[in-house]
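1. How does the following fold in three dimensions:
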Amino acid sequence: MSYRFMRVMIFFDLPTESSEDKRNYRNFRKLLIKNGFVMLQESVYCRMLLNPSMEKSLLDIIRKGKPPKGLVQALTVTEKQFARMECITGEYHSDVIDSDERVVFL
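-> Residues are numbered from 1 along each chain as shown. Predicted coordinates for the structure are as follows:
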């Protein structure tokens, strides 16, 4: 049997106005983590899959566990397409001093 590696990416925008909304948000996030998803960035989670049948069963779990309010979207891409993802970042500012010097003057 040949494996066709894929990635499922879940994008979600859920309300967090009431305490019930916050609880639904936390429960959905825990559902994703429990099912092997890792966070790519805020509200974007990703998981590798071996074949389309795994994708179908995983998306069924997400459909059943989605909160009543908000937007949840799923995108499946091949591993080759995912590897071509380009990360573009702005200038990074940090207050952490990263130096090999023995004395640092502030």
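2. how far away is the residue most central in space within the chain from residue 17?
-> Centroid check for the chain by CA atoms, centre = their mean gives residue 45 as the closest residue, at 1.2 Å. Applying CB to CB, to the nearest Å, the value for residue 45 to residue 17 is 22 Å. Heads up, the C-betas are built off the backbone N, CA and C, glycines and all.
3. Also residue 81?
-> With CB to CB as the criterion, residue 81 and residue 17 are 36 Å apart.
4. In terms of neighbours, single out the busier of the two.
-> Taking neighbours as other CB atoms under 10 Å, residue 81 and residue 17 compare with residue 81 leading, 11 against 8.
5. Is the more buried one inside a helix or a strand, and which specific one?
-> Secondary structure from DSSP states H and E places residue 81 in helix 79-83.
6. and that helix, how far out from the chain's middle?
-> Between the centre of helix 79-83 and the centre of its chain there are 16 Å (CA atoms, centre = their mean, to the nearest Å).
7. Tell me where the longest helix sits in the chain.
-> For the chain, the longest helix by residue count, based on DSSP state H, is helix 19-34.
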